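Chemist: heads up, no residue letters with this:
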């Protein structure tokens, strides 16, 4: 199957440079980029000057948590977790996470997200949902219930070439994991020479508690276990000390920031500008819909930049283009998806089209910054994953019935909410 | 002309209560609301369970400033203003503001905004743009170049019943207005018993400068001139003192908050929760596209709530529904548009339809909070102003060619940018 995307502006990434031309997709890869490509394609799409760019990589999410969207607003963290989230999660039945994940994926496709780094229960259900929807997912399995032997099996089984699914090693967080388990995970990471991902330094209390338990802050403590000898990545990273910034540099530990969730749960504002200055690699995630509540990378990008401006009292800090790079190129690299980090020949065809005729994209002054500062989901005209168009102009192209997905997710949600 | 909107959820406002039924629009007003209305209508729309609610009132904007969208990002305030905005504005020719305003209105219609409180040069051009687009605008003319006699003439001319246009008295700001002019405006406000609107306490330096000039903070000083004896409203209000909060209460002075602009220009975060506690009435504006950069009330609503949560370290503060009320009901009242503040029989038919089948609106748990926390412009299915559908399902219903509006705005912008 060959799809020719003609007459497009093309932002290949990672450079802030837009060319005009055509892009040929062959199978699941980008086969050619150039001016006036003359190819016999099965499908030709006239992009009419709209922008092709790499899809967004949502590198921290709990997709299936859409059940909690607006079921738990305006509550302090403790009540949110113990009175809403945990009691609902306790009622999960087999199949629930499959159905809920599919609803979340509809939102990703609508908003130009081509990959999610998804951390939730029952990875096999997430994997099936992702495959059934034609969506790319990197699974982060963090359940303590899985034996180390099972994790080893998963690492081998779920990291196949030419698959929509990949798999990374992680723990949920220091504060929810036993010391023994953390040591076992560190050992596994060292044996396989792989990175470890986790929630870290999201809240002030969490950091204090870790100091109480282990005498020092979370990243420093976990690093002392050898957990990040082959790198890793932290979700949130709101409260890293200067010493921890140095550790992150040394270990090539990635920052994954989730500004919306951090605001809504009153966790704080991560010092992203400081991390940038230290040269850390930064990606962006939405976190789950229970704490955000949208799965919207545009809103995240806007906040990554503007929150830094206000806390640093400097409107010139955390440049818009750098943030666009975090949401695409960096995100891909952070989860080992270099093959989909930019639009070059040979890369995976995970491509979105931005509607430059949307009024918020007009007039055309600086397109890439405009996506960050004035973009929203309604600017996404097309979402292509693995060479297949999955969403275009208001319509989904999936092997599933959209209304049925929504009805099923509502049915599951109503059961989880029932007293 | 009768339009029957059938099978809708209806959020009338100001109560957080959603009913199910039909809504009849006759001429420019709401004629009936009820279950299974049996009416001969010219047009019947099946809302299919989607939500009808009052349109958003964007109560601080400079619509025509779309020319500066992403022409001036990532700059400190001084460079933004003196190197970008002012030099471009200096090149305005007659007609420019007309064309640029029309582009901004396209974005309003797409995003469910039914009224703008628009403050910019050449009101007659804004008025013509608004009327040509079928859009409702409340003009705030603040040019020092207009004589007091001219302002009196404007107040009479532009405040006609059954018009899309209304007109309010204002000054640009304390720091840009002569003492003599401020006294004249205060005098005019007292003679006509009307409120005065202005930019106020947006930046720390502005407040310091006012103290240097007049010995006290802006609201206190201007109130001492008698400017707010009949009320008024302030755009931004980031730095009010406790004494000024008391003055605002006493004078029924309204707060109009613009969180996106305040973040992006690094101005600060307005203490909205404190103003709520004091019982002040609060509305929401986008400010201009040069400083925001979108004209998107969803993004503003999200930030009004979540920024308060993070600065107060309390996730339960500034409830989502209260914010939805600010963006609709309060906004209307703040500009004297009580006749469009809610959906009741006899009110103006300024109505939007929210697509509850958008994935970010699913599952259905708490609809009104969900609009604030998970809504975005792609959730707007229909925008009706004055009884006329102006946008629906991706199409505009205006007497203008959309591509021509965009081309003209680009042409103007390119001329303003030229060295």
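Modeler: Now that the structure is in, tell me what you want to look at. Bear in mind that the values here come from a model prediction, so they are computed numbers and not experimental data.

Chemist: so for stretch A:178-191, what's the average pLDDT?
Modeler: Regarding stretch A:178-191, the rounded mean pLDDT is 97.

Chemist: in it, what counts as buried?
Modeler: Of the residues in stretch A:178-191, those buried under the neighbour-count criterion (16 or more other C-beta atoms under 10 Å in any protein chain shown) are A:182, A:184-186, A:188-189. For glycine as for every other residue, the C-beta is placed from the backbone atoms N, C-alpha and C.

Chemist: can I get those in JSON lines with secondary structure?
Modeler: Formatted as JSON lines, the entries for the buried residues of stretch A:178-191 read as follows, by DSSP: H, G, I helix; E, B strand; the rest coil:
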{"residue": "A:182", "secondary structure": "helix"}
{"residue": "A:184", "secondary structure": "helix"}
{"residue": "A:185", "secondary structure": "helix"}
{"residue": "A:186", "secondary structure": "helix"}
{"residue": "A:188", "secondary structure": "helix"}
{"residue": "A:189", "secondary structure": "helix"}
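
Chemist: list just the nearest of the residues you listed to chain B.
Modeler: Of all those, chain B sits closest to residue A:182, with 28.4 Å by C-beta to the nearest C-beta.

Chemist: can you tell me how far the closest one sits from residue A:171?
Modeler: In this view, residue A:182 and residue A:171 are 6 Å apart by C-beta to C-beta, to the nearest Å.

Chemist: worst-scoring helix or strand of chain A, pLDDT-wise?
Modeler: Within chain A, confidence by mean pLDDT, DSSP states H and E is lowest for helix A:77-79 among all helices and strands, at a mean of 86.

Chemist: so how far is that one from its chain's centroid?
Modeler: Here the centre of helix A:77-79 is set off from its chain's centre by 25 Å, with C-alpha atoms, centre = their mean, to the nearest Å.

Chemist: again with stretch A:148-160
Modeler: 21 Å.

Chemist: which residue ranges of the stretch 251-400 of chain A form strands?
Modeler: Using DSSP state E, counting those that start in this stretch, the strands of the stretch 251-400 of chain A run over A:253-257, A:282-284, A:351-354, A:380-385, A:388-392, A:395-396.

Chemist: quick one: which of those is nearest chain B?
Modeler: Between chain B and the strands of the stretch 251-400 of chain A, the shortest gap by C-beta to the nearest C-beta is with strand A:380-385, which sits at 8.4 Å.

Chemist: direction included, what does the closest one pair against?
Modeler: When pairs are called by DSSP bridges, strand A:380-385 turns out to pair with strand A:351-354 (antiparallel), strand A:388-392 (antiparallel).

Chemist: determine the number of other residues adjacent to the residue nearest to residue A:319 when sequence neighbours are not counted.
Modeler: Spatial nearest neighbour of residue A:319, chain neighbours left out: residue B:74 (4.9 Å); criterion: C-beta to C-beta, 6 or more residues apart in numbering or on different chains. Using other C-beta atoms under 10 Å in any protein chain shown as the criterion, residue B:74 is surrounded by 23 other residues.

Chemist: quick one: pLDDT of the closest residue to residue A:278 other than its chain neighbours?
Modeler: Using C-beta to C-beta, 6+ apart and skipping residues adjacent in sequence, the residue nearest residue A:278 is residue A:245, 5.0 Å away. We note a pLDDT of 98 for residue A:245 in this prediction.

Chemist: quickly list what the nearest residue to residue A:335 once chain neighbours are set aside is bridged to.
Modeler: The shortest distance from residue A:335 to any residue that is not its chain neighbour, by C-beta to C-beta, 6+ apart, is 4.6 Å, and that residue is residue A:138. Partner residues in beta bridges with residue A:138, using DSSP bridges, are residue A:117, residue A:166.

Chemist: give me the element residue A:9 is part of.
Modeler: Using DSSP states H and E, the element containing residue A:9 is strand A:2-11.

Chemist: residues in contact with that strand?
Modeler: Judged by C-beta atoms under 8 Å, 6 or more residues apart in numbering or on different chains, the contacts made with strand A:2-11 from elsewhere in the structure are A:17-26, A:31, A:33, A:37, A:39-53, A:343, A:351, A:353, A:356, A:367-368, A:384, A:387, A:389.
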